[in-house]
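K.L.:
need coordinates for the below:
(chains A and B)
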Number of protein chains: 2
Amino acid sequence: MIKLKNRRVISRLSRYKNALYRFRELGFERIYSDYLAEEVGVTSSQVRKDFSLFDMTGNKRAGYQISLLLEKLEQLFLKDRIQKVIIVGAGRLGSAFSHYRGFSREKIEIVAAFDIDPSKTSASRSVPVRPLSEMDDFIKSEGIELAILTVPERVAEDVYAKLVNAGIKGVLNFAPIPLKPTETCIVTTYCVELELETLIYFVNEGIGGLDAEDCD
Amino acid sequence: MIKLKNRRVISRLSRYKNALYRFRELGFERIYSDYLAEEVGVTSSQVRKDFSLFDMTGNKRAGYQISLLLEKLEQLFLKDRIQKVIIVGAGRLGSAFSHYRGFSREKIEIVAAFDIDPSKTSASRSVPVRPLSEMDDFIKSEGIELAILTVPERVAEDVYAKLVNAGIKGVLNFAPIPLKPTETCIVTTYCVELELETLIYFVNEGIGGLDAEDCD
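P.N.:
The predicted model follows:
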């Protein structure tokens, strides 16, 4: 198994994989790098370079074989097992993620949500909402490694510390403060107002026709 | 006014600004680059390099003056005016953003949401939900340039085309498909399963102690 430390490569590979699923659903068996490049919003030379990491080379006339590419990518992303994830904070955003259907096709299962507010706890939902006091035991007994953090800003650091202490190794943080990674836990923070602000900057500067993700 | 085309610089400047607000709230008047670097999760030399873009130089003994930095950053991000934004798709995620309180401090105002489902339209909410059929007129008459797209995947491309035709210049897309930027419109796509998948990759590879955002 190759090891890649670059987050942007991994993110592109994940996007290729999802695009390849779409092409396969449409009945394609082979694909040219420029089709995939256009679908994902990168250059075709980038696609070829990324695939060469796996010793995957295309054929100018016939392109790449989709099933082989997907086999390699699924190995990389460990699609042979289900990844269990908890949500912490069962407000509107947490609830939106609890009901999101895009996880199952990625073999990601939201196994529980946690909230400090007793009025939000419920065992009867598709994703049960449990009291925050049960979180530590649950993480340990179920061996959970991943959490989506959708609590308010003022409690985010405290809850994050609880998650790390319980053994969580990766956090997707939606509270609008940066949480510092620890020796044992990685954090990715998504801050919607920051993304919007960046977009506003480029709109106001009149930089159209660019994918904002590819501006750098 | 300086012009920056690099999305990652803009994103860092936005994060510095938010961190500076927090330091100011705590009573700080001056700040050292290493404090700010730690708060934002970058190196202090990166902070100094970014600030030198504005001819802002710190002082080894006294650091940077927070009010001056904020003045420059607020100019850059046009904080003298309110940015009006619409939400398209009033499901759980759209509703979460409608109620999100983090926008107002960034002078971002969600002025309306739109949905095709008549059972979701309501004029009485804090953010009114209007029928999708009124969207085109609303965008044109109100001069809206920005939209948050939270519709299901299967209609995302159609709705995106409607937004571009109506004159929208920037879209924050939460549908899990890449939407192509046009001559007049920039798109940033956020795909939660992709972010989670990238996080899972790094957790499984045992790359702890790193901010996943800084792995590249």
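K.L.:
direction included, what does the longest strand seen in chain A pair against?
P.N.:
What stands out as the longest strand in chain A, according to DSSP state E, is strand A:108-115. The strands that strand A:108-115 pairs with in its sheet are strand A:83-88 (parallel), strand A:129-131 (parallel) (by DSSP bridges).
K.L.:
ok, and what's touching the shortest one?
P.N.:
The set of residues external to strand A:129-131 that reach it, using C-beta atoms under 8 Å, 6 or more residues apart in numbering or on different chains, is A:90, A:112-116, A:118, A:120-123, A:138. All C-beta atoms are positioned from the backbone trio N, CA, C, and that covers glycine.
K.L.:
show me which of the residues you listed are buried.
P.N.:
The neighbour-count test (16 or more other C-beta atoms under 10 Å in any protein chain shown) marks A:90, A:112-116, A:120-121 as buried among those.
K.L.:
for those residues, which two are the farthest from each other?
P.N.:
Spanning the widest gap among those are A:Ala112 and A:Ile116, at 14.4 Å by C-beta to C-beta.
K.L.:
mind splitting chain A into its structural domains?
P.N.:
Per automatic domain parsing, the structural domains of chain A span A:7-76, A:83-152+A:162-175.
K.L.:
the longest one: end-to-end distance?
P.N.:
Yep, that's domain A:83-152+A:162-175 we're talking about. 23 Å (C-alpha to C-alpha, to the nearest Å).
K.L.:
which SS class is A:Thr57?
P.N.:
With DSSP: H, G, I helix; E, B strand; the rest coil as the basis, the three-state label of A:Thr57 is coil.
K.L.:
and it, what does it touch?
P.N.:
A:48, A:51.
K.L.:
how close does it sit to A:Glu38?
P.N.:
Separation of A:Thr57 from A:Glu38 (C-beta to C-beta, to the nearest Å): 20 Å.
K.L.:
repeat that for A:Gln65.
P.N.:
As for A:Gln65, its distance to A:Glu38 is 19 Å (criterion: C-beta to C-beta).
K.L.:
could you do A:Val171 as well?
P.N.:
Taking C-beta to C-beta, one finds A:Val171 at 34 Å from A:Glu38.
K.L.:
repeat that for A:Asp55.
P.N.:
24 Å.
K.L.:
and these two? Which one has more around it.
P.N.:
More crowded of A:Asp55 and A:Glu38, by other C-beta atoms under 10 Å in any protein chain shown: A:Glu38, with 16 against 8.
K.L.:
how about the more buried one, what does it touch?
P.N.:
B:Lys180.
K.L.:
wait, a helix at it?
P.N.:
Yes - the assignment for A:Glu38, made by three-state DSSP, places it in a helix.
K.L.:
okay, the domains of chain A, which one's buried deepest?
P.N.:
domain A:83-152+A:162-175 (a mean of 19; mean count of other C-beta atoms under 10 Å in any protein chain shown).
K.L.:
I'd like the mean pLDDT over that domain, please.
P.N.:
Mean pLDDT, domain A:83-152+A:162-175: 93.
K.L.:
show me how far that domain is from its chain's centre.
P.N.:
Relative to its parent chain, domain A:83-152+A:162-175 has a centroid offset of 15 Å by C-alpha atoms, centre = their mean, to the nearest Å.
K.L.:
measure stretch A:138-154 end to end?
P.N.:
First residue to last in stretch A:138-154 (C-alpha to C-alpha) measures 24 Å.
K.L.:
do the same with stretch A:169-183
P.N.:
9 Å.
K.L.:
could you pull out the helices for chain A?
P.N.:
Using DSSP state H, the helices assigned to chain A run over residues A:7-25, A:33-40, A:44-52, A:66-76, A:92-98, A:135-142, A:153-166, A:192-204.
K.L.:
tabulate those helices (JSON lines), appending distance to A:Thr184.
P.N.:
Below are the helices of chain A laid out as JSON lines (distance: least, C-beta to C-beta, whole Å):
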{"stretch": "helix A:7-25", "distance to A:Thr184": "18"}
{"stretch": "helix A:33-40", "distance to A:Thr184": "32"}
{"stretch": "helix A:44-52", "distance to A:Thr184": "29"}
{"stretch": "helix A:66-76", "distance to A:Thr184": "23"}
{"stretch": "helix A:92-98", "distance to A:Thr184": "24"}
{"stretch": "helix A:135-142", "distance to A:Thr184": "13"}
{"stretch": "helix A:153-166", "distance to A:Thr184": "7"}
{"stretch": "helix A:192-204", "distance to A:Thr184": "26"}
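K.L.:
what bridges to A:Ile86?
P.N.:
A:Ala112, A:Ala147.
K.L.:
tell me the contacts of it?
P.N.:
Counting by C-beta under 8 Å, 6+ apart, A:Ile86 has contacts A:110-114, A:135, A:138-139, A:144, A:146-148.
K.L.:
any idea which of those residues is closest to chain B?
P.N.:
Closest to chain B out of the contacts of A:Ile86 is A:Leu146 (6.5 Å), distances taken as C-beta to the nearest C-beta.
K.L.:
I'd like the distance between the closest one and B:Val192.
P.N.:
For A:Leu146 relative to B:Val192 (C-beta to C-beta), the value is 12 Å.
K.L.:
okay, and the common contacts of the two?
P.N.:
With C-beta under 8 Å, 6+ apart, A:Leu146 and B:Val192 have common neighbours A:Leu172.
K.L.:
gap between the nearest residue to A:Ser122 once chain neighbours are set aside and chain B?
P.N.:
In space, not counting the residues next to it along the chain, A:Ser122 is nearest to A:Val129; the distance is 5.0 Å by C-beta to C-beta, 6 or more residues apart in numbering or on different chains. Separation of A:Val129 from chain B (C-beta to the nearest C-beta, to the nearest Å) stands at 14 Å.
K.L.:
quick one: end-to-end distance for stretch A:143-150.
P.N.:
End to end - C-alpha to C-alpha - stretch A:143-150 spans 21 Å.
K.L.:
over to stretch A:116-136?
P.N.:
13 Å.
K.L.:
A:Glu193 contacts A:Phe174, correct?
P.N.:
No - applying C-beta atoms under 8 Å as the test, A:Glu193 and A:Phe174 come out as separate, 11.2 Å apart.
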